[in-house]
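[1] got a structure for you, letters missing:
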């Protein structure tokens, strides 16, 4: 796919190429349904614009990490088009109990509202919020996982690790943050312990940089699947080995789910922001585009200060097609969601 609207629109951090995303959305070859398994839709007002863009890009169902208190209003507005993932109240991240007693309470309330999926976030930076709640093998985390299982959740989403660029720059204290590979050891134990649960490894399992490692995780754990969320990260790293990414999705058809990680709330109601994530990921996945991403990627200048702060990554499409593409966009999520 070659953009047809280059330099037609005002430049901003979500559109350094000046693309007309409304026009671009019509240029993709795949016309079937798409399930976005990984979003953060915060409010009804933000959802209104988000769903307009979802319609443009063929997204028929959205799964969202939404604050418990906002679920009813969004459900009333959008019904079965959206499903929710249980998450802590990150707006109160600095309040005592947010990731302990309050989280256990919210897990029950999400479940009462019909939520089937629960997110166990374990990014290293979580240790700045709570000394041990974000370690996958801590007593606090094990208590929450057991409660989730007892409540009937059977789809667990995890965020393990973070980009290699962050371990090179932000997580330079291994005593506090650990090593990247070490983040996965307790996860593997949990995958075995809760082997009748489907575990979704967000952000290509946290290691789009090393698909051979991710393949090993999939081979060892048949209950482990992945999503493609975090557009800037995936574009930057998967473009470096686009052919391997295509082969990986073909080999693991049914275990790679489409997700964007779009964050839509009242503080960022922005057409280009939301649309850019769908354009970039669909371009990466289904086309043979070879050019620049339209999205500013701060990790580039963070790793190499000689680069302009508005630099964007190279985007090289994997050109996934056929049944493998249908599986990524719809079939894999349909199977997981039942």
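    Yep, that arrived. Values in this document were obtained by computation on a predicted structure and should not be read as measured data.
[2] is the spatially most central residue of the chain in a helix, a strand, or coil?
    Residue closest to the average C-alpha location in the chain (Cα atoms, centre = their mean): residue 229, at 2.8 Å. Following DSSP: H, G, I helix; E, B strand; the rest coil, residue 229 is assigned to coil.
[3] wait, it sits on residue 263?
    No: here residue 229 lies out of contact with residue 263, judged by Cβ atoms under 8 Å, at a distance of 10.7 Å. Where C-beta positions appear, they are placed from N, C-alpha and C, glycine not excepted.
[4] tell me the helix or strand right after the lengthiest helix in the chain.
    Secondary structure of the chain per DSSP state H: the longest helix is helix 271-286. Following helix 271-286 in sequence order, the next helix or strand is strand 290-296 (DSSP states H and E).
[5] how far does the next helix or strand after that following strand sit from its chain's centre?
    Sequence order places helix 298-303 as the next helix or strand after strand 290-296, per DSSP H and E. How far helix 298-303 lies from its chain's middle: 20 Å, per Cα atoms, centre = their mean, to the nearest Å.
[6] give me the contacts around helix 298-303.
    Residues outside helix 298-303 that contact it (Cβ atoms under 8 Å, 6 or more residues apart in numbering) are 163, 165-166, 168-169, 232-233, 236, 307-309, 311-313.
[7] try it again at 6 Å.
    Applying Cβ atoms under 6 Å, 6 or more residues apart in numbering, the contact partners of helix 298-303 are 165, 169, 307, 309, 311.
[8] could you pull out the strands for the chain?
    Here the chain has its strands, by DSSP state E, at 34-41, 59-65, 82-86, 117-122, 155-160, 198-201, 224-227, 256-257, 262-264, 290-296, 312-316.
[9] and the angle from the fifth one to strand 34-41?
    Between the axes of strand 155-160 and strand 34-41, defined by axes from the mean of the first three to the mean of the last three Cα atoms, to 10 degrees, the angle is 60 degrees.
[10] strand 155-160 pairs with which strands?
    Paired with strand 155-160 in the same sheet, following DSSP bridges, are strand 117-122 (parallel), strand 198-201 (parallel).
[11] quick one, which of these is nearest to residue 245?
    Closest of these to residue 245 is strand 198-201, at 15.2 Å (criterion: Cβ to Cβ).
[12] I figured residue 124 hits residue 177, correct?
    Yes: counting by Cβ atoms under 6 Å, residue 124 does reach residue 177; the two are 4.0 Å apart.
[13] any common contacting residues for those two?
    residue 171.
[14] where does the prediction get shaky in the stretch 1-150 of the chain?
    Within the stretch 1-150 of the chain, no range satisfies pLDDT under 70.
[15] recalculate using a threshold of 90.
    Scanning the stretch 1-150 of the chain for pLDDT under 90 picks out the ranges 1-10, 94, 96, 129-133.
[16] helices of that one, start to end?
    Taking DSSP state H, counting those that start in this stretch, the helices of the stretch 1-150 of the chain run over residues 21-24, 44-56, 71-78, 101-112, 139-151.
[17] including distance to residue 296 and mean neighbour count, could those go into TSV?
    Formatted as TSV, these follow (distance: least, Cβ to Cβ, whole Å; neighbours: other Cβ atoms under 10 Å):
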stretch	distance to residue 296	mean neighbour count
helix 21-24	16	18
helix 44-56	19	19
helix 71-78	29	15
helix 101-112	33	16
helix 139-151	34	16
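[18] the ones you listed: which one's closest to residue 185?
    helix 139-151 (13.7 Å).
[19] off-centre distance for that closest one?
    How far helix 139-151 lies from its chain's middle: 23 Å, per Cα atoms, centre = their mean.
[20] next, the angle strand 82-86 makes with that helix.
    Calculated by the same axes, to 10 degrees, helix 139-151 forms an angle of 140 degrees with strand 82-86.
[21] list of residues touching helix 139-151?
    The set of residues external to helix 139-151 that reach it, using Cβ under 6 Å, 6+ apart, is 100, 104, 107, 111, 118, 132, 133.
[22] would you agree the residue nearest to the centre of the chain is in contact with residue 38?
    Yes: contact criterion Cβ under 6 Å: residue 229 and residue 38 qualify, at 3.8 Å.
[23] between these two, what contacts are shared?
    With Cβ under 6 Å, 6+ apart, residue 229 and residue 38 have common neighbours 259, 261.
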